[in-house]
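S.K.: Need a 3D model of the sequence below.
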Amino acid sequence: MSHVSIKQARLLVNDLFVVRPWIYWTDFLVSLTIGYTAGAVLLKMPTVAWQWKAVAWLLTVLALYRVSLFMHEICHFKRGEMRSFKVAWNVLAGIPMMLPSFFYETHREHHNTHHYGTDHDGEYLPLASGTWRDLFLFIAQVFYLPILTFIRHLIITPVSFCIPPLRKWVLEHWSSFVINLSYRREIRPQDPLGWWAAMEIGCHLRALALAFVIFSGIDPWYNALLIYSVAVTILAMNHLRTLAAHRYRSDGEMMTIEGQLLDSIDISSNSWLTLALCPVGLRFHALHHLFPGMPYHNLETAHRRLMRELPANHPYRQCVYPSIWTALNELLGEIRRQRLSPEFKTISLACDNESYVHRKRSA
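M.R.: Here you go, the predicted model:
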């Protein structure tokens, strides 16, 4: 994207970069209250009818999924901005759910113009040029990552404090929420290792408490399965959203700003399913990559303004898909095309071009 194109878009939304703390606090606390209340019904009220248990399970998943994704906003706060919110989120949500916000600070590499789509980007996999096996391995993460996270906090955390080489390895290889599991985190001299350790100790105590109430018989054994089902479902929703966030066409080399934008996706649909899968403004992922500092509560306003005011040939318009399923179908088509001969690939690409024209008209 040219400097002129970026400036053109920026001028249209220049007033939408102001964070409104009351929106963050209200959204977070209401969602947290719903999630924890529903979770209490699910886990602590055995006499409740199964129909209400099912409703409680669904509310727990949806509310805590939304709460968890506030870590994405937290990592984009400027230094010192919304500090009390960050602390409150970690104390009330991050530690209880064993999702400390520092695990997600590597997300900044995903916005680094030198790292996006490369081996230094833990939130990117070249799925469009991959195989069905690559997609299967990506989806399989949702089943074992909750278990590995629990083991990390329950056992590996205290052991790592006693063995410095292990501590270094754990921080580099087992302290990041990423989809590329071979990603290695760089530990910098300015990193607040003391703050990280405090959050890890909190997560360890939380994991220890969960293990104690289950193995001591205070809570029934099947509560562990219920908690696991909630964690797997939340992670599955996030993985599905992630698949529809990019086109994943990078070959591992650095991409231009325009290339990064065109590799990202906005979802124009505001159906209940889209809003459930992409809360906290995450259906506007291309817009977020264009303006990472824009708070989530202004993204929809910015999107409408850009679509209304930008010229018809502006690159931003090419990033808009009518639904999550349109984006997923395109990705699956890319993977399918890897198995075709060159002449069939040409035909398939032509079909994709026709699909893009139709999608653009629909958007």
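
S.K.: Please report how far Phe136 lies from Ala54.
M.R.: Distance, Phe136 to Ala54, using Cβ to Cβ, to the nearest Å: 29 Å. Where you see a C-beta, it was placed from the backbone N, CA and C, and this is true even at glycine.

S.K.: got any ranges where this protein has weak pLDDT?
M.R.: Counting by pLDDT under 70, the chain shows low-confidence ranges at 1-4, 340-363.

S.K.: For it, which segments count as strands?
M.R.: 266-267, 320-321 (DSSP state E).

S.K.: Could you look over the ones you listed and pick the most buried one?
M.R.: Looking across the strands of the chain with neighbours counted as mean count of other Cβ atoms under 10 Å, the highest average goes to strand 266-267: a mean of 26.

S.K.: returning to that earlier point: could I get the strands of the chain in CSV, plus columns for distance to Arg167?
M.R.: Formatted as CSV, those follow (distance: least, Cβ to Cβ, whole Å):
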stretch, distance to Arg167
strand 266-267, 41
strand 320-321, 43
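
S.K.: which residues are in contact with stretch 160-175?
M.R.: Phe102, Phe103, Arg152, Ile156, Thr157, Val159, Arg184, Arg185, Glu186, Ile187, Trp196, Ala197 (Cβ atoms under 8 Å, 6 or more residues apart in numbering).

S.K.: mind saving the C-alpha coords of it as PDB?
M.R.: Coordinates of each C-alpha in stretch 160-175 appear next as PDB, following Å, rounded to 0.1, in the frame of the first residue of the first chain:
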ATOM      1  CA  SER A 160      12.000 -24.000  36.200                       C
ATOM      2  CA  PHE A 161      12.600 -21.500  39.100                       C
ATOM      3  CA  CYS A 162      15.100 -24.100  40.600                       C
ATOM      4  CA  ILE A 163      17.000 -24.800  37.300                       C
ATOM      5  CA  PRO A 164      18.200 -21.600  35.500                       C
ATOM      6  CA  PRO A 165      18.800 -23.300  32.100                       C
ATOM      7  CA  LEU A 166      15.300 -24.800  32.200                       C
ATOM      8  CA  ARG A 167      13.900 -21.400  33.200                       C
ATOM      9  CA  LYS A 168      15.500 -19.800  30.100                       C
ATOM     10  CA  TRP A 169      14.200 -22.600  27.800                       C
ATOM     11  CA  VAL A 170      10.700 -22.400  29.300                       C
ATOM     12  CA  LEU A 171      10.500 -18.600  28.800                       C
ATOM     13  CA  GLU A 172      11.700 -18.900  25.200                       C
ATOM     14  CA  HIS A 173       9.700 -22.000  24.100                       C
ATOM     15  CA  TRP A 174       6.800 -22.400  26.500                       C
ATOM     16  CA  SER A 175       5.600 -18.900  27.400                       C
END
